[in-house]
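Undergrad: Show me the folded form of this:
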Amino acid sequence: MERNQTSVTEFILLGFPLTPRIQMLLFGLFSLFYAFTLLGNGLILGLTWLDSRLHTPMYFFLSQLSIVDIAYACNTVPQMLVNLLRPAQPISFAGCMTQTFLFLTFAHTECLLLVVMSYDRYVAICHPLRYSVIMSWRVCIILALTSWILGVLLALVHLVLLIPLPFCGPQKVNHFFCEIIAVLKLACADTHINEIMVLAGAVSVLVGPFSSIVISYIYIICAILKIQSGKGRQKAFSTCSSHLCVVGLFYGTAIIMYVGPRYGNPREQKKYLLLFHSLFNPMLNPLIYSLRNKEVKAAMKGMLEKERTS
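TA: Numbering: from 1, shown residues only. Below is the predicted model of the structure:
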């Protein structure tokens with residue numbers, strides 16, 4: 001029995017139980033979404049790097065969010081596309097642990113970056129005269145680095161608890177990637193501590209930061225309502241609306257998955273919810289920021305005109 005527990009070399013990802021025709025249809029559709037994710041976030045990165053008008057703290061954090069979204073999608077989507085072409089494909093034990101670690105790292109980092117972006121909007125609207133002093137480039141870099149470092153450390157805690165677990169029985173992960181809850185279900189040992197840590201981690205990086213964002217926006221809304229001119233209020237709110245849309249999409253799906261009630265058939269429901277979280281969120285983020293943001297649209301228009309004249 002001990003030999004079986006320690007000789008696990010691979011897992012099998014079950015993916016989605018669909019007919020071959022639907023799997024091929026989804027492969028084409030998801031490949032298109034994946035390409036849009038890379039193109040959209042790459043465009044945001046390129047614009048913030050090339051256009052001097054976007055060399056501000058707000059767009060610096062947006063570029064960090066684009067990096068996370070690209071990495072987030074690249075970690076899970078290619079494996080899912082392979083599984084749609086050839087179902088029940090194995091993934092090595094090391095590859096599975098790496099995928100779990102990277103997914104948690106990018107998820108935690110995005111949570112923290114969204115909090116930092118809400119703080120940036122709070123300072124810009126509630127303390128506009130002191131904005132350049134409070135949000136100096138040194139502070140921005142420290143905040144971004146802190147988000148990444150905390151994201152890595154929090155994911156490392158889960159990995160350290162996960163790797164020593166013995167695995168036995170069928171190594172079939174009921175998911176399209178090595179999601180930590182799905183992997184824990186295959187362990188032939190008590191995973192109570194791991195599950196408590198997952199819940200505690202979810203609360204610490206979802207409920208806590210989300211509460212901070214809500215508090216920030218209460219102050220922001222109060223400050224916007226005090227602005228006398230309607231045009232000024234509209235301009236102030238437009239700088240926050242894109243961030244609010246992204247926060248709603250990201251935190252809404254994440255809280256339902258890891259903190260919400262566990263009833264019905266949560267495995268299948270949350271699998272599809274996590275698909276939205278992993279594939280559609282990274283694709284929608286650059287669309288939300290580019291379609292609802294005048295500066296991004298102006299930078300894009302300027303770059304296209306420059307290409308046309310050259």
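
Undergrad: Now stretch 207-227: average pLDDT?
TA: Computed over stretch 207-227, the mean pLDDT rounds to 87.

Undergrad: again with stretch 280-292
TA: 78.

Undergrad: And that stretch, what's buried?
TA: 280-286, 288-290, 292 (16 or more other CB atoms under 10 Å). C-betas here are computed from N, CA, C, even on glycine.

Undergrad: which among the residues you listed gets closest to Asp69?
TA: Using CB to CB, Pro282 comes nearest to Asp69 of the buried residues of stretch 280-292, at 3.6 Å.

Undergrad: Once you drop chain neighbours, what's closest to the closest one?
TA: Asp69 (3.6 Å; CB to CB, 6 or more residues apart in numbering).

Undergrad: do you know how far the one you found is from Ile163?
TA: 27 Å (CB to CB, to the nearest Å).

Undergrad: How about Tyr219?
TA: On the measure of CB to CB, Tyr219 and Ile163 end up 43 Å apart.

Undergrad: again, but for Ser242
TA: Ser242 is 39 Å from Ile163, by CB to CB.

Undergrad: Those two: who's more crowded?
TA: Ser242 (22 against 12; other CB atoms under 10 Å).

Undergrad: in which helix or strand would I find the more buried one?
TA: helix 230-258 (DSSP states H and E).

Undergrad: from the chain's centre, how far out does that helix sit?
TA: Taking CA atoms, centre = their mean, to the nearest Å, one finds the center of helix 230-258 at 15 Å from the center of the full chain.

Undergrad: Same question for that helix: list its buried residues.
TA: 236, 239-240, 242-247, 249-251, 253-254, 256-258.

Undergrad: before we move on, the earlier item: check contacts around the residue nearest to Pro282.
TA: 37, 41, 110, 281-282, 285-286 (CB atoms under 8 Å, 6 or more residues apart in numbering).

Undergrad: neighbours around Ile215, how many?
TA: Neighbours of Ile215 (other CB under 10 Å): 12.

Undergrad: what's the distance between it and Ile91?
TA: 41 Å.

Undergrad: now swap in Thr239 and tell me
TA: Thr239 is 42 Å from Ile91, by CB to CB.
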